[in-house]
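**Q** Provide a 3D model corresponding to the input given below.
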Amino acid sequence: MNEHDKRAMGQYLRAVNYLTAAQIFLQDNFEMTRHIVSDDVKPRLLGHWGSGPGINFAYAHLSYFAKKHDQDMLFVLGPGHGFPALQANLFLEGTLATFGGPDKDLAGVQQLCRQFSWPYGFPSHSNPETPGVILEGGELGYSLSTSYGAVMDNPDLWVACLVGDGEAETGPTAGAWHLNKLINPKKDGVVLPILHLNGYKISAPTIFGRMSDYELMSLFSGYGYEPRIVDTTKKHVDENEEMAEALEWAKNVVEKIRSHDKDTESPRMPMIIMRTLKGWTGVKKLGDEKIEGNCLSHQVVLMDAKTDETQLDLLNKWLHGYKFDKLFTAKEGFGDFLERILPDNMNKRLGMSKYARGGKPVYKPLVLPQIEQIAEDANVPGTMGSSSMRRTGLYLQEVFRLNAEHKNFRLMSPDETYSNKLDDVFKAVSRSWQWPIHEWDKDLARDGRVMEMLSEHNMQGLMQGYVLTGRHAMFASYEAFLQIISSMVDQYAKFLTQSRGVEWRGTIPSLNYIVTSSGWRQDHNGFSHQNPGFLDDVLRRQSNFSDVYFPPDGNTTLAALEKMLTSTRQINVLVAGKTVEPRWLTVDKARHQIEHGLMTWDFASDENPHIVLAAAGDYPTKETMAAIDLIKQEWPLVNVRCVNVSSLTTLGFGTLANTANQKTFEEHFTADKPVIFNFHGYPQTIKSILFNYAHDSTRFDVRGYMEIGSTTTPFDMHVRNETSRYHLVMAAFDQLGHDGVLPYEEAQHIIAKYQAKIDENTEYIKQFGVDRPEIDAWTWPAR
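**A** Numbers count the residues shown, from 1 in each chain. Next up is the predicted model:
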């Protein structure tokens, strides 16, 4: 960095630090041409100052680096509360103006500062209305995994990820450092982690901030990085020279790794550990309290500046110290120092990255296989078939093959691809692995496309980074453990909600989940593995972009996958089992049911029903179908209707495109007949949806998982939760007896019979450890 550029860097940093502070404090006197008075200070001071100067220092040098090397670079800010700093940089580089925000003139400075943390103005944290943002960073821990997701299959892209030292204490970040072992440095892009150590959280020191240089170097070397420390707190150090040299060094490390003909085993990619003072360049002391270099600079450092003369005086000395009037005038604007720091090509400026906007050219629809080629013959309903997950594995295998050239599809799984019966994908691709591979290892390769790490947080982060940069992904996991990422999904849902109103955000694929190994077949692992709560978290979203699919068989699972992978800007969840179960629907009928979300199964229904039996989920469906068979055997004159629900949304039964209205609801469930609903998840989920439809909800008997489980048999799981075929038969005849469809005494006799069957099976499993043979041997009778 020559002397002219060093001077320009100093001017840039003065300007951006001033704008960062001015956003928090000022509602007037933005040019700083006079003394700040009380009326110039906002009536309500909101925002975070402490991490801002360090963010500005990193951003300025990354911009200079991108300019020098014409490098595509995306900036991911971990601590989203540092937004005033990020926005100040986006303002200076002209990105805000490009997307309809404030221009780099006096009116723009006024808008930038006055509207920050202001009602109907700019929020206090990073948000999807901000160009270049793919992470809000309100909930800390996900910046590094999101960054690694963004660089997958983007070899020309660098992502500079600024990880705060508070964020670095989170569990997800602790795991994310190991994602370097899954990312190919030649076929993927480069993540440059910048661990920002300003030493303090809100009110206490950070762990990393108090570690010695030796401890830090040892730790990150052990993680497999090539770390370098830039310490701006040392005396007699030219911090700008240090940072510029560190970025050049990082580039050389990357180029050396990439220059090898073969993939490098355990490539040690660069990272920077950047020490700065918290609140750097701000107020040094307030009374006897240390501010700069202490936790007290975290948020607003002079809360009473509007009313306290001492604090107002400190604010004057602080903001006038940047000499902003020498850097900007209403007539001339900003000086040419901006051009010496920022890339000449506007599209190379960090906030302008095409990768952060979705749409063309980063988004391409997937080429999908015809599900008819993978489906099984279901012309005779009830024919035993393969598992839904086996069908899914075959389908995804073809998705990988058909999109091999585009390289825009990945599968995420926390060490469960084999366990979830999805291993047919390994006939097309392997797991990505950059560390040593032994001769006995299976399905590992340097260019693998299945991302496995036993961290749901980091699989979610990878998927978010991959999808928000325009590519497609599927996340498969045990049902019980997706609850771990519920808060991350909440944050992503907020991002989707806001981004829908942002014109310049282009098309992105949906987030897609495969929820399997459900509680109904976690009889072997027991109670800890039984939890359908993730479904409720997804369905609580009120922005109408969540579809939860409950395909009853393998063919319907294929139809759901097809719909999920063609959808955009949604959150899709597929809930299906991995055991061998009956086939119920042909491909045409499966597509019809997935499109509408529910269907009356004519092959199992009578005209003018006395009672409706409904189900959602493959295992509850099987028990419901067995119950219908038994009801007809016991009392052939009973008219039964079978309704199968394969999709729920925040709006109700059906899909987002075809949510059932009241008329459709009554066409399936009738207007007044009793309904027994057997549900995959918690009964309250269906009960809350019924509130939208049922004038008389008392006619609905909703059954589902009641948080009763253990290590037991599959059928006993249904018995314990009263979702078994025998419980459904008993409930049906209890209702039919009261309604006079058959004599009450006859109904009670049948109820007693099936209670005895339940008791017999309970005693049987205690003795033999498996369910009675007739339970597993049941098949739907051809009618």
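**Q** which strand or helix spans the residue minimising distance to the centre of the chain?
**A** The residue lying closest to the centre of the chain (C-alpha atoms, centre = their mean) is Val489, at 4.5 Å. According to DSSP states H and E, Val489 maps onto helix 486-499.
**Q** now do that helix: everything it contacts.
**A** The contact list for helix 486-499 (C-beta atoms under 8 Å, 6 or more residues apart in numbering) reads 127-129, 136, 138-139, 142, 457, 460-461, 464, 505, 511, 533-534, 537-538, 541, 543, 545-546, 569, 571. Placement of C-beta: from N, CA and C, glycine included.
**Q** any of those buried? List them.
**A** 127-129, 136, 138-139, 142, 457, 460-461, 464, 505, 511, 533-534, 537-538, 541, 545-546, 569, 571 (16 or more other C-beta atoms under 10 Å).
**Q** still on that earlier bit, out of the contacts of helix 486-499, which sit inside strands?
**A** Secondary structure defined by DSSP state E assigns Leu511, Ser546, Ile571 of those to strands.
**Q** in terms of model confidence, name the weakest of these.
**A** Of all those, Ser546 carries the smallest pLDDT score, 92.
**Q** what about that one, distance to Ile571?
**A** Remark: distance between Ser546 and Ile571 (C-beta to C-beta, to the nearest Å) = 5 Å.
**Q** in the stretch 301-450 of the chain, where is pLDDT below threshold?
**A** Along the stretch 301-450 of the chain, no part satisfies pLDDT under 70.
**Q** and the strands in it?
**A** All strands of the stretch 301-450 of the chain, identified by DSSP state E, counting those that start in this stretch, fall at 328-329, 333-334, 409-413, 431-432, 444-445, 450-452.
**Q** quick one: the strands in the stretch 551-700 of the chain?
**A** Using DSSP E, counting those that start in this stretch, the strands of the stretch 551-700 of the chain run over 571-575, 598-600, 611-616, 640-645, 647-649, 675-679, 700-703.
**Q** turn these into TSV, columns for distance to Thr232.
**A** Converted to TSV, the strands of the stretch 551-700 of the chain look like this (distance: least, C-beta to C-beta, whole Å):
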stretch	distance to Thr232
strand 571-575	42
strand 598-600	61
strand 611-616	58
strand 640-645	60
strand 647-649	51
strand 675-679	58
strand 700-703	61
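**Q** of all those strands, which lies closest to Phe116?
**A** Closest approach to Phe116 among the strands of the stretch 551-700 of the chain (C-beta to C-beta): strand 571-575, 30.5 Å.
**Q** how about residues contacting the helix or strand of the chain with the lowest mean pLDDT?
**A** Averaged element by element with mean pLDDT, DSSP states H and E, the chain has its least confident helix or strand at helix 533-539 (a mean of 90). Residues outside helix 533-539 that contact it (C-beta under 8 Å, 6+ apart): 479, 482-483, 486, 489-490, 515, 546, 548, 571, 573, 575, 648-650, 680-682, 684-685.
**Q** narrow the residues you listed to those that are buried.
**A** The neighbour-count criterion (16+ other C-beta under 10 Å) marks 479, 482-483, 486, 489, 515, 546, 548, 571, 573, 575, 648-650, 680-682, 685 among the contacts of helix 533-539 as buried.
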